[in-house]
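Enquirer: need coordinates for the below:
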Amino acid sequence: MDAEAPARIRAWLEARREAMAALLLDLVEAESPTLEPESQRVPQGLLADRLQALGLHTRLVPGRVAGGALLARPDRAGRAGPAQLLIGHSDTVWPRGSVREMPPHVTDGRLYGPGAFDMKGGLVEIVFALEALRELGLPPAVPPCVLVTSDEEIGSPESFRLIRRLARCADRAFVLEPALGPAGRLKTARKGHGQFRLEVRGRAAHAGLEPEKGASAILELSHQVQRLFALNDPERGITVNVGTIDGGLRPNVVAPAGFATVDVRILNAADAPRVEAALHGLTASTPGTTLHIEGKIERLPMERTPGNRRLWQRARSAAYELGLEIDEGTSGGGSDGNITSLFCPTLDGLGPVGDGAHAMHENVVLESLPERAALLALLILSPPMTTRRDGATRAAAAEAPVAAPGTATPRLLGRGGPDGPGPESTSG
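Expert: Take a look at the predicted model:
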């Protein structure tokens with residue numbers, strides 16, 4: 001890469017800020033809620049057209065619950081080594097019709113609208129970063145492979161296996177989820193996540209005539225809720241939250257049943273067995289009641305592995321060359337980066353700066369689009385991270401056919417290795 005490349009890339013992208021905003025507006029107006037598969041066709045079509053114009057071969061890997069995944073990569077002649085993954089998602093949490101309540105518009109340099117920040121702005125960056133490299137005659141040494149899923153907002157149950165397959169063969173992965181905070185920090189760590197359900201069974205009785213013959217499931221549940229909150233360990237990044245509780249029949253009946261759902265997040269994969277054991281080790285203490293617990297840590301954390309640290313250092317160097325200041329941070333929510341990080345160096349949060357993910361004021365700072373796209377473009381241009389021998393092995397694996405998702409929801413990587421238990425969690 002020549003010394004003038006960073007300045008040329010940034011200037012090319014800055015000159016196309018309005019075009020970037022226009023594509024983002026088109027994508028936002030193409031509403032695409034996760035569980036309406038047909039809604040994905042318009043944003044997938046918009047992206048496929050731009051990627052095909054770059055010489056990439058696109059295909060739609062079909063889904064059953066969601067709208068499938070758009071996969072774009074070079075022809076076979078351009079797959080001499082492992083690819084670099086550029087990952088995003090076209091699905092949003094917003095139901096169709098949301099554009100009537102929160103119409104897309106630009107105010108004070110920000111583009112507002114459902115899905116703008118999470119994460120259609122990142123999809124715009126992918127397109128324009130690749131267009132900049134092509135127009136400026138700067139071919140990357142590592143071929144790009146673009147994956148746009150449509151089920152990330154429900155934990156990637158269908159695209160998980162495809163992501164895992166591609167990550168195993170990849171030199172590195174760049175995840176275009178939105179930046180962290182107003183300073184635009186990159187996400188170099190993410191918490192893992194699990195959901196648990198508690199069911200308490202007691203014995204019904206008339207609350208006024210013979211309460212002594214009953215055994216209150218709600219009383220027992222109240223004890224368990226306190227024990228669950230006691231498992232929080234802020235110093236280790238462990239959060240345990242009882243999000244919903246339910247139970248009982250009527251005010252004058254001793255409750256025969258009670259239920260609670262629990263959200264658990266961990267910062268270190270090593271804590272997963274201990275936290276799971278603590279939850280499953282809970283026992284009933286109220287006479288006449290029983291306790292049943294189900295659930296597990298479904299998505300392991302994205303940790304600051306040596307490979308991830310190397311990629312972060314490259315990002316710092318690239319930002320310096322562009323005259324940008326960046327920092328790193330930890331996200332409490334999960335993304336597809338939690339999956340790729342288990343197999344290849346991963347950098348997340350490369351999407352635009354903005355605010356209001358999943359909120360009515362969701363927006364993107366438009367001036368951040370060319371800046372972040374320029375950073376992505378320089379990272380795409382960086383040399384391979386794998387050795388030639390490793391690259392040959394990964395490239396051979398990458399040539400195997402990509403299968404459509406199955407009907408069963410996959411379980412995410414557990415402590416037993418890459419084929420162990422897997423994801424069904426929601427992102428954040």
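
Enquirer: of all residues in this protein, which one is nearest the centre?
Expert: residue 335 (1.7 Å; C-alpha atoms, centre = their mean).

Enquirer: could you list every residue that touches that residue?
Expert: 152, 175, 177, 187, 190, 302, 348, 427 (C-beta atoms under 8 Å, 6 or more residues apart in numbering). Just so you know, the C-beta spots here come from the backbone N, C-alpha and C atoms, and that holds for glycine as well.

Enquirer: can I get these in TSV with neighbour count, secondary structure and distance to residue 160?
Expert: TSV is the format used below for the contacts of residue 335 (neighbours: other C-beta atoms under 10 Å; DSSP: H, G, I helix; E, B strand; the rest coil; distance: C-beta to C-beta, whole Å):
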residue	neighbour count	secondary structure	distance to residue 160
152	29	helix	10
175	29	strand	14
177	29	coil	16
187	24	strand	19
190	29	strand	15
302	30	strand	15
348	29	strand	16
427	25	coil	12
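
Enquirer: returning to that earlier point: look up how far residue 103 lies from the residue nearest to the residue nearest to the centre of the chain when sequence neighbours are not counted.
Expert: Closest residue to residue 335 apart from its sequence neighbours, by C-beta to C-beta, 6 or more residues apart in numbering: residue 177 at 5.0 Å. In this view, residue 177 and residue 103 are 24 Å apart by C-beta to C-beta, to the nearest Å.

Enquirer: kindly report the same for residue 283.
Expert: 54 Å.

Enquirer: what score does the residue nearest to the centre of the chain have for pLDDT?
Expert: Note for residue 335: predicted pLDDT of 96.

Enquirer: cool, and residue 2?
Expert: So residue 2 comes in at 85 (pLDDT).

Enquirer: how much space separates it from residue 269?
Expert: For residue 2 relative to residue 269 (C-beta to C-beta), the value is 41 Å.

Enquirer: equivalent analysis for residue 210, please.
Expert: With C-beta to C-beta as the criterion, residue 210 and residue 269 are 51 Å apart.

Enquirer: comparing residue 2 and residue 269, which residue is more hemmed in?
Expert: Applying other C-beta atoms under 10 Å to residue 2 and residue 269 shows that residue 269 carries more neighbours, namely 17 against 7.

Enquirer: skipping adjacent residues, who's closest to the more buried one in space?
Expert: In space, residue 269 is closest to residue 300, 4.9 Å off (C-beta to C-beta, 6+ apart).

Enquirer: that neighbour and residue 334 touch, don't they?
Expert: No: using C-beta atoms under 8 Å, residue 300 is not in contact with residue 334, being 9.2 Å away.

Enquirer: who touches both of those two?
Expert: With C-beta under 8 Å, 6+ apart, residue 300 and residue 334 have common neighbours residue 192.

Enquirer: residue 196 should be in a strand, yeah?
Expert: Yes: assessed by DSSP: H, G, I helix; E, B strand; the rest coil, residue 196 belongs to a strand.

Enquirer: bridging residues for it?
Expert: For residue 196, the beta-bridge partners are residue 262, residue 295 (DSSP bridges).

Enquirer: right, and residue 29 touches residue 100 too?
Expert: No: using C-beta under 8 Å, residue 29 makes no contact with residue 100, being 11.3 Å away.

Enquirer: tell me how far the residue nearest to residue 269 lies from residue 165.
Expert: 17 Å.

Enquirer: between those two, who's got more neighbours?
Expert: Using other C-beta under 10 Å as the criterion, residue 300 and residue 165 rank with residue 300 on top: 28 against 16.

Enquirer: what's the distance between the more buried one and residue 270?
Expert: 10 Å.

Enquirer: wait, what's in contact with the residue lying closest to residue 213 once chain neighbours are set aside?
Expert: What sits nearest to residue 213 in space, not counting adjacent residues and going by C-beta to C-beta, 6+ apart, is residue 205, at 4.3 Å. Counting by C-beta under 8 Å, 6+ apart, residue 205 touches 211-214, 253-254.

Enquirer: neighbour-wise, give me the winner out of those.
Expert: residue 254 (23 neighbours).

Enquirer: in contact with that residue, which residues?
Expert: Applying C-beta under 8 Å, 6+ apart, the residues contacting residue 254 are 202-207, 211, 214-216.

Enquirer: check residue 149 too.
Expert: By C-beta under 8 Å, 6+ apart, the neighbours of residue 149 are 66, 69, 87-91, 156, 159, 162-163, 336.

Enquirer: distance of it relative to residue 10?
Expert: 29 Å.

Enquirer: now swap in residue 218 and tell me
Expert: 61 Å.

Enquirer: of these two, which one has the most company?
Expert: Taking neighbours as other C-beta under 10 Å, residue 218 and residue 10 compare with residue 10 leading, 22 against 19.

Enquirer: surely that one is in contact with residue 318?
Expert: No: the criterion here is C-beta under 8 Å, and residue 10 misses it with residue 318 at 10.8 Å.

Enquirer: distance between stretch 254-269 and the chain's centre?
Expert: 23 Å (C-alpha atoms, centre = their mean, to the nearest Å).

Enquirer: check stretch 7-16 too.
Expert: Counting by C-alpha atoms, centre = their mean, stretch 7-16 comes out at 28 Å from the chain centroid.

Enquirer: what about the stretch 251-400 of the chain, any weak spots by pLDDT?
Expert: Residue ranges of the stretch 251-400 of the chain with pLDDT under 70: 387-400.

Enquirer: again, only using 50
Expert: Filtered on pLDDT under 50, the stretch 251-400 of the chain yields the residue ranges 388-389, 391-400.

Enquirer: quick one: the helices in it?
Expert: In the stretch 251-400 of the chain, the segments counted as helices under DSSP state H, counting those that start in this stretch are 272-280, 306-322, 337-340, 368-381, 388-398.

Enquirer: now do the stretch 101-250 of the chain
Expert: Counting by DSSP H, counting those that start in this stretch, the helices of the stretch 101-250 of the chain are 121-135, 160-168, 217-229.

Enquirer: returning to that earlier point: how close does the residue nearest to residue 335 sit to residue 300?
Expert: When residue 177 is compared with residue 300 (using C-beta to C-beta), they lie 17 Å apart.

Enquirer: then residue 210?
Expert: Counting by C-beta to C-beta - residue 210 and residue 300 are separated by 50 Å.

Enquirer: tally of neighbours for residue 325?
Expert: 10.

Enquirer: tally of neighbours for residue 116?
Expert: Residue 116 has 27 nearby residues by other C-beta under 10 Å.

Enquirer: list the contacts of it.
Expert: 24, 28, 104, 354, 362-364.

Enquirer: now do 6 Å
Expert: 28, 362, 364 (C-beta atoms under 6 Å, 6 or more residues apart in numbering).

Enquirer: what helices and strands are in contact with the one helix or strand the first one maps to?
Expert: For residue 28, the enclosing helix or strand under DSSP states H and E is helix 17-29. Secondary-structure packing of helix 17-29 (3 or more C-beta pairs under 6 Å, 6 or more residues apart in numbering; DSSP states H and E): helix 121-135.
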